[in-house]
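> Coordinates for the following, if possible.
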Amino acid sequence: MGTTQLESVPEPKYWHLKTVLSDALDSEFAVGEILPNERELAARFGVARATLRQALEQLELEGRLQRRRGVGTTVAPPRVGVAVGDYAHGWTDTSAEDTWQTVDSTETAPPAEVARLLEIDPDTPVHRVRRTRMSHGQPLAAELLYVPAESVPGLAAIDTPSGLARARTVLRELRRLELEGREQTVELGSARADDAKELDRLPGAPVLLVTTRYVAQGRTAAVAVATYRADTCRLTFGDAGEELLAG
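Next up is the predicted model:
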């Protein structure tokens, strides 16, 4: 590869570098190809490594790059369209190629914001079901579903240990409720260590946080907080399929 020096530009240098790098990705690299290390890239473009990191982070946020543990920075494939309306976060799973896999369940006090949505005291234990959304064998999202005891009253009479069996029982009892509606919000965040491991990402990687409040019997029956990979997911909402892209 030749050497390209950046001239003085009115826009932030990292932003201009991002554009130059994006053009290089289109013309010089294939999907999945590993980029040269930061030292080589910084030398090629005549910038400080801090500037280079800013540009790489922006490209990762836009879904052009992926940082893979133990591999390095690679060119990302096109984003996958992922529906988060209708049945995607409903009581039932989606198609065989795009499913929620139940992992386990524990009883724990919910985060303060979840407790507020559930309209319960933050110290009140709830059932927390952990699920992973898969597509074609690849993880797209990690979800924590918080279910208060009053939403699954029949669970008290069922002797099921913690773990996967308990999680499936919580979901089965929850599905007895008639879902009346849902409210969803989405925001950009950074992957926590446990979510990053589950999604095969590095801690701090950009993610999309989708919070869903489920309404049944005139009250909040459950709250789900799903962490989606921002580098590979293009979220769609509602019947019209409106799209939301990270970045």
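
> what's the offset of stretch 114-127 from the middle of its chain?
23 Å (Cα atoms, centre = their mean, to the nearest Å).

> and for it, what are the contacting residues?
105-112, 146-149, 152, 155, 166, 170, 211, 213, 219-220, 222-223, 225 (Cβ atoms under 8 Å, 6 or more residues apart in numbering). (Each C-beta comes from the backbone N, C-alpha and C, glycine too.)

> In strands only, show me those.
Using DSSP state E, the subset of those located in strands is 105-108, 146-147, 211, 213, 219-220, 222-223, 225.

> Just name the closest of those residues to His16, please.
Thr211 (35.6 Å; Cβ to Cβ).

> State the distance from Ala196 to Pro206.
11 Å (Cβ to Cβ, to the nearest Å).

> Where does pLDDT dip in the chain?
By pLDDT under 70, the low-scoring segments of the chain are 1-10, 85-98, 157, 238-247.

> Longest helix in it, by number of residues?
Counting residues, the longest helix found in the chain (DSSP state H) is helix 13-28.

> that older thread, the ones in strands among the contacts of stretch 114-127: which two are farthest apart?
Thr106 and Arg219 (23.1 Å).

> What segments of this structure are helices?
13-28, 38-45, 49-61, 112-118, 164-174, 193-198.

> Now do the contacts for the nearest residue to Arg130 once chain neighbours are set aside.
Setting aside the residues directly before and after it, Arg130 is nearest to Val103 in space (Cβ to Cβ, 6 or more residues apart in numbering), at 4.3 Å. Applying Cβ under 8 Å, 6+ apart, we find Val103 in contact with 130-132, 164, 167.
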